[in-house]
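Undergrad: Would you be able to build a 3D model of this:
(chains A, B, C and D)
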Protein chains: 2
Amino acid sequence: MTHAAHIRALINRLSRLDASETWGDDLNPAQISALEYLLRANRFSRAPSHVAEYLGTTRGTMSQTLKALMRKGYVSETRSDADRRSIRYDLTVAGQAVAGRTAALVEAIETLPFERQAELSEALSTVLTSRLAARGGRAFGLCCGCAYHRRTEDSAFCALLSLPLSLEEGDQICHEQVAA
Amino acid sequence: MTHAAHIRALINRLSRLDASETWGDDLNPAQISALEYLLRANRFSRAPSHVAEYLGTTRGTMSQTLKALMRKGYVSETRSDADRRSIRYDLTVAGQAVAGRTAALVEAIETLPFERQAELSEALSTVLTSRLAARGGRAFGLCCGCAYHRRTEDSAFCALLSLPLSLEEGDQICHEQVAA
DNA sequence: CACGCTTGGTGTCGAGTCGATACTAATATT
DNA sequence: AATATTAGTATCGACTCGACACCAAGCGTG
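TA: Coordinates of the predicted model:
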């Protein structure tokens, strides 16, 4: 067993463990993952197709997942005025509460020395980036790390969509993000 | 977003990506995971309850998964003579072929410097161990790392079950394993 | 401007996961 | 011998997931 194969097994096992722990409500892993993505995504990146691409599933599946979350009152639907086809899903207060919880896995990771955490984050990011590039997937990076992000003293601006941004939006995930 | 929360997100995303890639046959992620476990587990650790505990699911679910793999010809059932309740699932040739494939994720991990791979493996192992301990789960370590493993020049022996072992079995996963 | 192509979202189908629960049979305990 | 525990299974309901078909909205080119 090589290091790499072992690492893959660890990743899958940890993910499985995390999924089975994050339970407790009437939500399953896929639904939790969707809520967590919505918590961190900016307003341009909350359509079913974006969540689907981020999580590596299809639009059909994600559509169903979001409808289920809708029925349970964790998200709300908003049709776009600019493009009448697209829908944006926002977290409700209940949804924010669930998505914002600290997972047991996070606490376990925090027991590692800070230095180790940084290495871990770095290494996993590298692997993910290379895999995403191989599949032709988008990076889904942070708004502030985008080539089109413009920042002044007390305001921000997206040069791609030609829209003003709030300062907090800089720290959110954007599906349009192009690494600077 | 803390380092730890980011790492958790990376782990889940990588696992999801891996699952969606390891497809192609008539097998889903849970079935693949079961096959991969069976490939690496020794003959005392291939019962539905062991696979279920390893993967963090229930006996009922795993029973169904293994039956599905049975129907598709990837595993074979063997009732134990010692304990007529228990069943052992072994990989067929087709099962070994699928479980032994190299995943794209493994190739991506292998592009990291060897030093980085070792760190990554080490860090993830630490986290997993601490999580397993917290849940009261077993370690599922390797046979050769067990307190009951006895090794001589050209043979091996399990002092817990009082049974002779083949040399290859030392590198397999054992559900009884107690870290030395 | 009208034609077609593409895109975004949804509905449906079938196989299967998953937890919960309830059950059987075999083994342990007392 | 009676009881408790353990291993595996069947069944139920909610849901995932890929595949596919469908519709409506936006786009692109002649």
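Undergrad: Any part of the lengthiest helix in chain A near DNA strand D?
TA: Using DSSP state H, we find that the single longest helix of chain A is helix A:114-135. No: counting by C-beta under 7 Å from any atom of the strand, DNA strand D is not contacted by helix A:114-135; separation bottoms out at 12.4 Å. C-beta: built from backbone N, CA, C; applies to glycine.
Undergrad: List the buried residues for that helix?
TA: A:116-117, A:119-121, A:123-124, A:126-128, A:130-132 (16 or more other C-beta atoms under 10 Å in any protein chain shown).
Undergrad: State the mean pLDDT of that helix.
TA: Here helix A:114-135 scores 91 as its mean pLDDT.
Undergrad: Residue A:26 against residue A:72, yeah?
TA: Yes: counting by C-beta atoms under 8 Å, residue A:26 does reach residue A:72; the two are 6.3 Å apart.
Undergrad: higher neighbour count, these two?
TA: residue A:72 (16 against 9; other C-beta atoms under 10 Å in any protein chain shown).
Undergrad: residues in contact with the more buried one?
TA: A:26, A:27 (C-beta atoms under 8 Å, 6 or more residues apart in numbering or on different chains).
Undergrad: now do residue A:6
TA: Here residue A:6 is in contact with residue B:121 (C-beta under 8 Å, 6+ apart).
Undergrad: State the helix or strand in which it lies.
TA: Using DSSP states H and E, residue A:6 maps to helix A:3-21.
Undergrad: likewise residue A:50?
TA: helix A:48-55.
Undergrad: Right, and chain B sits closest to which residue of chain A?
TA: residue A:15 (3.5 Å; C-beta to the nearest C-beta).
Undergrad: Now do the contacts for that residue.
TA: B:11, B:12, B:14, B:15, B:16.
Undergrad: Identify the residue spatially nearest to it, adjacent ones excluded.
TA: Leaving aside its chain neighbours, residue A:15 sits nearest to residue B:15 (3.5 Å; criterion: C-beta to C-beta, 6 or more residues apart in numbering or on different chains).
Undergrad: Likewise for residue A:160?
TA: Nearest non-adjacent residue to residue A:160, counting by C-beta to C-beta, 6+ apart: residue A:148, 3.9 Å away.
Undergrad: confidence score at the one you found?
TA: So, for residue A:148, pLDDT stands at 91.
Undergrad: Any chance of the backbone angles for it?
TA: phi -100, psi 10 (degrees, to the nearest 10).
Undergrad: What's the separation between it and residue A:162?
TA: In this view, residue A:148 and residue A:162 are 10 Å apart by C-beta to C-beta, to the nearest Å.
Undergrad: So which of these two has more stuff around it?
TA: The residue with more neighbours, out of residue A:148 and residue A:162 and counting by other C-beta under 10 Å, is residue A:148; that gives 16 against 8.
Undergrad: if I pick the residue nearest the centre of chain A, what's in contact with it?
TA: Closest to where the C-alpha atoms of chain A average out (C-alpha atoms, centre = their mean) is residue A:37, at 3.2 Å. Shown in contact with residue A:37 (C-beta under 8 Å, 6+ apart): A:51, A:54, A:55, A:173.
Undergrad: Check residue A:169 too.
TA: A:42, A:43, A:143, A:156.
Undergrad: can you rerun that using 10 Å?
TA: Residues near residue A:169 by C-beta atoms under 10 Å, 6 or more residues apart in numbering or on different chains: A:42, A:43, A:44, A:142, A:143, A:144, A:149, A:156, A:158, A:163.
Undergrad: repeat for residue A:87
TA: Applying C-beta under 10 Å, 6+ apart, the residues contacting residue A:87 are A:46, A:47, A:48, A:49, A:63, A:66, A:77, A:78, A:79, A:80.
Undergrad: Tell me the bridge partners for it.
TA: According to DSSP bridges, the residues that bridge with residue A:87 are residue A:79.
Undergrad: While we're on it, how confident is the model there?
TA: On the pLDDT scale, residue A:87 gets 94.
Undergrad: quick one: it from DNA strand D, how far?
TA: Distance of residue A:87 to DNA strand D, computed by C-beta to the nearest atom of the strand, to the nearest Å: 11 Å.
Undergrad: That residue and residue A:21: what is the separation?
TA: Counting by C-beta to C-beta, the gap from residue A:87 to residue A:21 is 31 Å.
Undergrad: Run through chain A and note the low-pLDDT ranges.
TA: A:1, A:23-25, A:136-137 (pLDDT under 70).
Undergrad: 90 instead, please
TA: Residues of chain A meeting the criterion pLDDT under 90: A:1-3, A:16-29, A:56, A:81-84, A:100-104, A:129-141, A:153, A:160-163, A:178-180.
Undergrad: and it, what are its domains?
TA: A:3-137, A:141-180 (automatic domain parsing).
Undergrad: which bits of chain A sit near DNA strand D?
TA: Near DNA strand D, when you scan chain A using C-beta under 7 Å from any atom of the strand, you find A:26, A:28, A:30-31, A:55-58, A:60-61, A:64-65, A:68, A:71-72, A:82-85.
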